[in-house]
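Asks: okay, here's the prediction I keep looking at, along with the sequence it came from:
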Amino acid sequence: MDPRAKVRTHETIGRYPVISLADARTEAKRRLAEATLGKHRPRSVTWSKGLDEYLKVVEARCKPGTYLEYKRLLQKYFKFGDTRLAELSPHDLHKKLNRVSGSEGRHAFVAVRAFLNWAYKKHYVDVSPLSRMEVPQGSTPRERVLTDEELAKIWRACGDEAFGVIVKLLILTGQRRGEIAYLSPCMIGEDRITLPSWLTKNSREHAIPLQAEAAQLLKQFEGAKAKEPILGVRVGDALKAFSAWGKSKKALDKACGVSDWTLHDLRRTFASGLAAQGVLLPVIERLLNHVSGSFGGIVGVYQRYDFMPEMRTAMARWETKVLELTSADLRP
């Protein structure tokens with residue numbers, strides 16, 4: 001066979017009688033004319049294959065938290081399987097997105113839009129099905145701050161497994177769940193935890209004091225390699241970062257009896273609790289690794305004091321309060 005010969009491919013135009021024979025012939029002639037004139041159809045790739053390829057790109061280029069969130073959203077809400085990317089319609093995507101509400105819907109939209117924009121650049125689609133769809137309105141920012149009793153109930157319901165320890169560390173440190181989930185031995189010192197720039201949301205290295213209770217919680221997970229997530233899940237011979245958030249959170253909700261709360265609410269509760277104890281706002285913002293507010297603008301350029309002594313005092317007071325709450329008898 002002549003290697004220069006074109007390989008014939010079959011393409012489905014529609015089903016009879018939805019598409020008449022006459023209309024099918026007309027469409028076939030139009031597509032043949034486009035090919036003859038040098039126009040090209042998108043490369044043939046299924047949703048599953050394209051998504052696998054895309055997630056490898058995201059994992060290599062983005063922060064671990066971003067990769068895990070995109071993977072979760074795209075695999076959970078957009079199950080198109082062997083459907084070819086070029087065959088997806090705006091209606092197909094709209095129907096999926098309508099099933100996701102609130103801020104989750106907005107995040108899902110952003111994730112699938114990024115994927116389809118990538119597919120466009122790879123010539124897997126001629127145009128993104130979302131090109132004319134507006135970003136869903138975001139939900140009202142949450143204001144939930146847990147009460148002392150709720151915080152105690154959640155703490156007591158946390159087990160000794162990885163997820164329970166992660167939640168306790170979120171309560172004690174006020175950090176983001178993705179940062180705590182990726183804690184590795186190389187980030188844990190004798191008196192502080194240092195989160196590298198590749199892990200933090202603002203791409204700035206962030207150090208916080210390591211208090212006694214947090215150190216004790218981490219000690220039981222010793223044995224991980226220097227760069228392995230100490231609170232991860234073992235897969236074969238390696239530890240992978242914890243990712244079973246939904247399932248584990250539902251189990252914790254049932255065990256603690258507290259409703260309508262998120263893991264991020266623990267961060268807000270941490271900040272509000274410190275403020276109630278009289279901790280100054282710049283110290284709280286430094287603990288949260290915020291670069292706006294007290295450290296925005298020109299202040300962020302010239303202010304280089306690390307506030308470590310003040311942060312250590314603040315976290316010691318907060319840890320004392322948490323342990324008092326969780327050890328107290330709250331029964332009426």
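Replies: In hand now; what should we look at? Bear in mind that the values here come from a model prediction, so they are computed numbers and not experimental data.

Asks: count of residues packed around residue 20?
Replies: Around residue 20 there are 11 other residues, counting by other C-beta atoms under 10 Å. In short, each C-beta sits where N, CA and C put it, glycine included.

Asks: show me what counts as buried in stretch 184-196.
Replies: Buried positions in stretch 184-196, judged by neighbour count with 16 or more other C-beta atoms under 10 Å: 184, 185, 187, 188, 193, 195.

Asks: what's the first helix or strand after the lowest-mean-pLDDT helix or strand in the chain?
Replies: In the chain, no helix or strand scores lower on mean pLDDT, DSSP states H and E than helix 298-302, which sits at a mean of 50. Per DSSP states H and E, the first helix or strand lying C-terminal to helix 298-302 is helix 308-327.

Asks: what does that next one contact?
Replies: 148, 151-152, 155-156, 171-173, 191-192, 207-209, 211-214, 270, 273-274, 277, 279-280, 283-284, 286-287 (C-beta atoms under 8 Å, 6 or more residues apart in numbering).

Asks: ok, of those, which come out buried?
Replies: 148, 151-152, 155, 171-173, 207-209, 211, 213-214, 270, 273-274, 279, 283-284, 286-287.

Asks: which residues of the protein score low on pLDDT?
Replies: Applying pLDDT under 70 to the chain flags residues 1-11, 13-16, 18, 31-42, 138-140, 292-304, 328-332.

Asks: so which residue is dead centre in it?
Replies: Nearest residue to the geometric centre of the chain (C-alpha atoms, centre = their mean): residue 69, 2.9 Å.

Asks: these two touch, right, it and residue 107?
Replies: Yes - in terms of C-beta atoms under 8 Å, residue 69 counts as a neighbour of residue 107; the distance is 7.2 Å.

Asks: about what we covered before: among the buried ones among the contacts of helix 308-327, which lie within helices?
Replies: 148, 151-152, 155, 171-173, 213-214, 270, 273-274, 283-284, 286-287 (DSSP state H).

Asks: which one of those residues is nearest to residue 260?
Replies: Comparing these against residue 260 with C-beta to C-beta places residue 151 closest, at 14.3 Å.

Asks: which residue packs closest to that closest one, ignoring adjacent ones?
Replies: Spatially, and ignoring its direct neighbours in sequence, residue 151 is nearest to residue 325 (6.1 Å; C-beta to C-beta, 6 or more residues apart in numbering).

Asks: ok, how many other residues are close to the one you found?
Replies: The tally of other residues near residue 325 (other C-beta under 10 Å) stands at 20.

Asks: mind listing the strands in the stretch 151-300 of the chain by residue range?
Replies: 192-195, 206-209, 233-235, 238-240 (DSSP state E, counting those that start in this stretch).

Asks: out of the ones you listed, flag the one nearest residue 250.
Replies: For the strands of the stretch 151-300 of the chain, the distance to residue 250 is smallest for strand 233-235, at 17.5 Å, taking C-beta to C-beta.

Asks: for the closest one, packing partners?
Replies: strand 238-240 (3 or more C-beta pairs under 8 Å, 6 or more residues apart in numbering; DSSP states H and E).

Asks: sheet-wise, list the partners of the strand it packs on with their directions.
Replies: According to DSSP bridges, strand 238-240 forms sheet pairs with strand 233-235 (antiparallel).

Asks: contacts for the strand it pairs with next, please.
Replies: Outside strand 233-235, the residues touching it (C-beta under 8 Å, 6+ apart) are 162, 239, 240, 241, 242, 243, 244.

Asks: go with 10 Å
Replies: Residues outside strand 233-235 that contact it (C-beta atoms under 10 Å, 6 or more residues apart in numbering): 161, 162, 163, 224, 228, 239, 240, 241, 242, 243, 244.
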